[in-house]
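Undergrad: Please find the sequence and the predicted model below.
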Amino acid sequence: MKKLLLICVIVIAGYFVMKDVVRPGIEPLYEEPYVIVYGKTACGLCQKMKRELREKEIPFLFKDLEKEESNDELHRRMSAAGLETRRYSIPVVDVNGALFIRPDTEKVIEKYNQ
């Protein structure tokens with residue numbers, strides 16, 4: 001029983017450590033540093049990400065996943081990174097070719113400034 005509990009704790013801890021960073025290393029969309037926030041207008045977490053990036057004066061593009069072209073672009077990039085496109089959380093943030101799912105703003109800013 002203790003071993004099972006320990007395994008569960010390790011798995012859960014691993015999830016929380018790895019949930020933000022998804023896969024760096026796909027082809028960047030631009031030569032200059034960039035941030036693209038993929039999300040939905042009605043999403044509170046997406047609005048929070050946009051607000052915090054504005055407060056920190058980080059330039060970004062917002063791509064609404066309600067639009068087919070934005071959705072298709074994100075799914076192509078996620079597939080190229082080996083990520084599941086059937087079910088994922090938003091916002092998904094592309095920072096210079098690294099994809100993050102529901103990252104905190106500090107991680108986005110850190111990657112943007114590298």
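TA: Alright, I've got the coordinates.

Undergrad: which stretches of the chain have low pLDDT?
TA: Applying pLDDT under 70 to the chain picks out residues 4-6, 8-25.

Undergrad: Same question for stretch 99-114: list its buried residues.
TA: By neighbour count with 16 or more other C-beta atoms under 10 Å, stretch 99-114 contains the buried residues 99-103, 105, 108-109, 111-112. Backbone N, C-alpha and C define where each C-beta goes, glycine included.

Undergrad: I misspoke; the intended subject was stretch 34-52.
TA: Neighbour-count burial for stretch 34-52 flags 34-40, 43, 46-47, 49-50 (criterion: 16+ other C-beta under 10 Å).

Undergrad: Ends of that stretch, what's the gap?
TA: 16 Å (C-alpha to C-alpha, to the nearest Å).

Undergrad: what does that stretch rub up against?
TA: Identification of contacts with stretch 34-52 by C-beta atoms under 8 Å, 6 or more residues apart in numbering yields 28-29, 53, 58-66, 70, 74, 90-96, 102, 105, 108, 112.

Undergrad: Give me the residues contacting stretch 66-81.
TA: Counting by C-beta under 8 Å, 6+ apart, 22-23, 25-27, 38, 40-41, 63-65, 84-85, 88, 92, 94, 99 sit against stretch 66-81.
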